[in-house]
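Colleague: sequence-free structure coming up:
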C-alpha cells in the first residue's frame, strides 16, 4: 500500500475551498445589499441570493478541479497556482453572469457578483499560499516526508538528488540507490548504493518506500519495462527520470500519431506564427518608445564620443542572428579606432587598454547598447532574446558547446534571461547557453515582460563589462 496522504489532504482542501467560496459570497452580499443598498430600490429577498449558493459552491469546486488546483504542491509553482485561481474565478464570473441572462433574472445585483469575484480571488490565493507555507515549514522540520528509492545510477540520479537536497521544503528523503554497475557502499552526497537492481522486489515487499524513481543510465534501458512491471505489481508510485535530458528538453512537445507517442526534440513557441507576430509588434512599439526616451542620452553620448578622438560615433560589428544569418549590430564606439582584422582577433578583457574612459562608463551602464533599438526596428533583433555573437566565436562555440546553435532559432535580443541572471561579458558561455535554451523553450509574452522588468534592476549595470 502506498503511504500517500494526498487524498486526505485534497479532501481537506475541498472543504476549505467550499468555506472560502461561501464566506466570500455572503460577505459580498452583505456589503452590497445590506451596507451599500439604496432601500428605495427593489431588492431581491435574501433567500433568493442564498439559494444561489447551492450552485455556486459546487460550481467553483468543479472549476478549481478543472484548473488542476488539487494537484500536489510539492513541486508546483506558487505563481502557477495564483494564475490558476485567477483563471478559475474569471471563468466563474463569466458563467455566473451568463447564467443570470439565461434564466432572465435582471434584478440580481451584478455589482455584488463582481465584489464576490474580488473577495473570493483574494481570499482563495491567500489561503492557498498560507497552506503552502505551512506545508513547507512542516516538511523542513522533518514531518510529512516521502521516502524514495532510486533505481539505477546515472547523470539523472545525481541531478535528481541535487534538486531534492536543494529544496528540503519538498519533503523528500532519498533512502538509497540500486545499481548493477556501481559498487555497493558508493556514496553520492551521503546517499549510498544499497544493492543491485535485483534487490528491488525484496525492498518493495517491506513496504517502506512511498515512491520509486527509475534513474537508469542509457546503457541499462533494456531493464526498464521489467522494473515498471515490478513496481506496478506492488502498487508503488513510480517515476521515470530519463538519462537523456541533454537531448530531450525539460518540457518536450509530444504528438499522438494514431496511438504512437512522438516526442519532438525541441519545443520552440516562437515558431508559432501568432506568437511571432505578437512579439514583433511588442518589439516595434517598445523600440520606438525607447528611442524617444533615450534620445537625449544618445545625443549627449554621440557628442562626447566625437569630441574625444574624432572617430566614428557608431561602431558596427557583424553578428550572427536568426537562422544563422549575419547582420550589422550597432553600438556606440567605446574603443579607440583600430583595424577590423585586429579587433576581430581579441576578446575584450579586464583593463583592456583599447577602451576609452568614456567608453568604460558606457559599457558599465550598458548605454553603449542603446543604438540597438534601431536594429530592433529593422528586424535584426528583438527586445528580449539570446545575445548575438560574432561569426568567429559562433564557429568556435558550435564545436565546443553542446546545443549552442539552438539560440539561433529565435531573434537575438538586447537583453535576455542569461543577462538578468548575471551572465554577461566575460562569464561562462556554457551557463549562458543553458539560460538561453530555457528561455527559448519556455517563451511567453509574460516571460518577456518579466525579463524587461528585471533588466531595469539587474541588467543595466554590468559588473562583467570590460
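Modeller: Done, it's in. Given the structure is predicted, the values throughout are model-derived calculations rather than measurements.

Colleague: all contacts plus neighbour counts: C-alpha atoms, from now on.
Modeller: Noted.

Colleague: which of the residues in the host helix or strand of residue 377 are buried?
Modeller: Counting by DSSP states H and E, the element that carries residue 377 is helix 372-378. Using 16 or more other C-alpha atoms under 10 Å as the test for burial, helix 372-378 gives 372, 373, 374, 375, 376, 377.

Colleague: pick out whichever of those residues sits closest to residue 241.
Modeller: Lowest distance from residue 241 to the buried residues of helix 372-378 (C-alpha to C-alpha) belongs to residue 376, with 40.3 Å.

Colleague: for that closest one, which non-adjacent residue is closest in space?
Modeller: residue 382 (5.3 Å; C-alpha to C-alpha, 6 or more residues apart in numbering).

Colleague: the one you found reaches residue 448, doesn't it?
Modeller: No: between residue 382 and residue 448 there is no contact under C-alpha atoms under 8 Å: 10.3 Å.

Colleague: about what we covered before: the residue nearest to residue 376 bridge partners, please.
Modeller: Using DSSP bridges, the beta-bridge partners of residue 382 come out as residue 413.

Colleague: ok, it - contacts?
Modeller: Contact partners of residue 382, counting by C-alpha atoms under 8 Å, 6 or more residues apart in numbering, are 280, 283, 376, 411, 412, 413, 414.

Colleague: elements contacting the longest helix along the chain?
Modeller: Assignment by DSSP state H gives helix 273-309 as the longest helix of the chain. Judged by 3 or more C-alpha pairs under 8 Å, 6 or more residues apart in numbering; DSSP states H and E, helix 273-309 is in contact with helix 372-378, strand 382-384.

Colleague: go again using 10 Å as the cut-off
Modeller: strand 314-320, strand 326-332, helix 357-365, helix 372-378, strand 382-384, helix 445-454 (3 or more C-alpha pairs under 10 Å, 6 or more residues apart in numbering; DSSP states H and E).

Colleague: single out the most deeply packed of those.
Modeller: strand 382-384 (a mean of 26; mean count of other C-alpha atoms under 10 Å).

Colleague: just the mean pLDDT for the next helix or strand along the chain from that one, thanks.
Modeller: Counting by DSSP H and E, the next helix or strand C-terminal to strand 382-384 is helix 391-400. For helix 391-400, the per-residue pLDDT values average out at 89.

Colleague: and helix 391-400, what does it pack onto?
Modeller: Against helix 391-400 (3+ C-alpha pairs under 10 Å, 6+ apart) you get strand 314-320, helix 340-345, helix 429-441.

Colleague: how far does the longest one sit from its chain's centre?
Modeller: Averaging C-alpha coordinates over helix 429-441 and over its chain gives two centres that are 13 Å apart (C-alpha atoms, centre = their mean, to the nearest Å).

Colleague: for the contacts of residue 382, which one is nearest residue 363?
Modeller: Among the contacts of residue 382, and counting by C-alpha to C-alpha, the member closest to residue 363 is residue 414, at 13.7 Å.

Colleague: find the nearest non-adjacent residue to the closest one, please.
Modeller: residue 383 (5.1 Å).

Colleague: and what of residue 404?
Modeller: residue 398 (5.5 Å).

Colleague: what's the burial count for that neighbour?
Modeller: Residues near residue 398, counting by other C-alpha atoms under 10 Å, number 13.

Colleague: point out where the stretch 151-300 of the chain drops to low pLDDT.
Modeller: 245-247, 249-251 (pLDDT under 70).

Colleague: where in the stretch 301-450 of the chain is pLDDT low?
Modeller: 337-353, 425-426.

Colleague: hmm, residue 200 is touching residue 149, no?
Modeller: Yes: assessed by C-alpha atoms under 10 Å, residue 200 is found in contact with residue 149 at 9.2 Å.

Colleague: who's more crowded, the two?
Modeller: residue 149 (24 against 20).

Colleague: in the helix or strand that contains the more buried one, what's buried?
Modeller: Element membership of residue 149 [criterion: DSSP H and E] is strand 146-151. Neighbour-count burial for strand 146-151, counted by 16+ other C-alpha under 10 Å, picks out 146, 147, 148, 149, 150, 151.

Colleague: helices or strands up against it?
Modeller: Here strand 146-151 touches helix 155-166, strand 172-178, strand 191-195, helix 200-205, strand 211-214, strand 237-240, going by 3+ C-alpha pairs under 10 Å, 6+ apart.

Colleague: report the angle between the axes of the second one and strand 191-195?
Modeller: Strand 172-178 and strand 191-195 meet at an angle of 40 degrees, taking axes from the mean of the first three to the mean of the last three C-alpha atoms, to 10 degrees as the criterion.

Colleague: so which elements touch strand 172-178?
Modeller: Counting contacts by 3+ C-alpha pairs under 10 Å, 6+ apart, strand 172-178 is packed against strand 146-151, helix 155-166, strand 187-188, strand 191-195, strand 211-214.

Colleague: would CSV of those with distance to residue 46 be doable?
Modeller: Formatted as CSV, the helices and strands packed on strand 172-178 follow (distance: least, C-alpha to C-alpha, whole Å):
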stretch, distance to residue 46
strand 146-151, 48
helix 155-166, 52
strand 187-188, 65
strand 191-195, 62
strand 211-214, 51
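
Colleague: of the ones you listed, which is nearest residue 359?
Modeller: helix 155-166 (41.1 Å).

Colleague: buried ones in the closest one?
Modeller: Those would be 155, 156, 157, 160, 161, for helix 155-166 by 16+ other C-alpha under 10 Å.

Colleague: can you pull the contacts of the nearest residue to the first one once chain neighbours are set aside?
Modeller: It stands for residue 155. Excluding the flanking residues, the one nearest residue 155 by C-alpha to C-alpha, 6+ apart is residue 243, at 6.4 Å. Contact analysis of residue 243 by C-alpha atoms under 10 Å, 6 or more residues apart in numbering lists 153-157, 159, 214-219, 221.

Colleague: save the residues you listed as TSV, and put in distance to residue 258 too.
Modeller: As requested, the contacts of residue 243 are exported to TSV (distance: C-alpha to C-alpha, whole Å):
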residue	distance to residue 258
153	34
154	33
155	33
156	31
157	33
159	34
214	28
215	29
216	29
217	30
218	27
219	29
221	25
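
Colleague: who touches both of residue 200 and residue 149?
Modeller: In contact with both residue 200 and residue 149: 177, 178, 212, using C-alpha under 10 Å, 6+ apart.

Colleague: in JSON lines: the residues you listed, plus neighbour count.
Modeller: Output for the shared contacts of residue 200 and residue 149, formatted as JSON lines (neighbours: other C-alpha atoms under 10 Å):
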{"residue": "177", "neighbour count": "29"}
{"residue": "178", "neighbour count": "25"}
{"residue": "212", "neighbour count": "22"}
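
Colleague: ok so, going back, for the helix holding residue 377, packing partners?
Modeller: Looks like helix 372-378 contacts helix 273-309, strand 326-332, strand 382-384, strand 413-415 (3+ C-alpha pairs under 10 Å, 6+ apart).
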